[in-house]
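>>> Just the structure for this:
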Amino acid sequence: MSDSFILDFNLLAEHGLSLDEFVALVNISRNTLNSKEILLSLQSKQFIKLIDESVILRERGKIFIELISIDKMSPKAIKKKDKRVDEKFSSFIKEYRALWKGLRPGSMGSLLSCTIKLTKWMNENPEYSKNDIIKAAKIYLKSIEDMKYLQRADYFVSKTEGGVESSRLSAFIDEIDIKPIDDWTTKLL
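Predicted coordinates:
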């Protein structure tokens, strides 16, 4: 967990969070409790879930905390991004999510979640290109026979269950270089 955060009031407003709710969300992510009123407000906005006396940070809350976290507050960490790079990455995210469009309601995942998860995955796997990711996603989508088992676009990149993170993208990206076997059985068709 980072000790520094970028506090952007426009981003807070975009997510409908007050400053108190933001502080409470950070404290929840660090396992410290806050006032019941703020907790109820965060639950109504689907950042957390209250069960009996427990506070559970929901996926939306985790993504928001990750979005605003920075490792160290330094001039290098705060430097402005090249707008052209942002536009290229934004168009890549749109292309990636569009592969899931119309397959099942909600299958595209949220733009924010896809952006965060793909950014993290790409940083951890720099040997793969954006084109490789698109190819792997297409292989995955072609492999789905029953759409009720389709994984959302953001969960395809990574999903955490029971504290264990898994990635179908990591599994399917290995399939992009496999060529179909050309033997006598394939010629029978």
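
>>> Please enumerate the helices of this structure.
Ranges of helices in the chain, per DSSP state H, are 9-14, 19-29, 36-44, 59-68, 75-78, 83-98, 111-124, 130-143, 153-157, 168-172, 184-187.

>>> hey, least reliable of those by pLDDT?
Lowest mean pLDDT within those: helix 75-78, at a mean of 42.

>>> Got the domain ranges for this structure?
4-77, 81-177 (automatic domain parsing).

>>> I'd like those domains laid out as TSV, including mean neighbour count.
C-betas here are computed from N, CA, C, even on glycine. Below are the domains of the chain laid out as TSV (neighbours: other CB atoms under 10 Å):
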stretch	mean neighbour count
domain 4-77	14
domain 81-177	15
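
>>> returning to what we had before: out of the helices of the chain, which gets nearest to residue 105?
With CB to CB as the criterion, residue 105 lies closest to helix 153-157 of these, at 12.8 Å.

>>> packing partners for the closest one?
Contact partners of helix 153-157 among helices and strands, from 3 or more CB pairs under 8 Å, 6 or more residues apart in numbering; DSSP states H and E: helix 111-124, helix 130-143, helix 168-172.

>>> give me that answer again for 10 Å
When contacts are defined as 3 or more CB pairs under 10 Å, 6 or more residues apart in numbering; DSSP states H and E, helix 153-157 packs onto helix 59-68, helix 83-98, helix 111-124, helix 130-143, helix 168-172.

>>> Before I go, just wanted to say thanks for your time.
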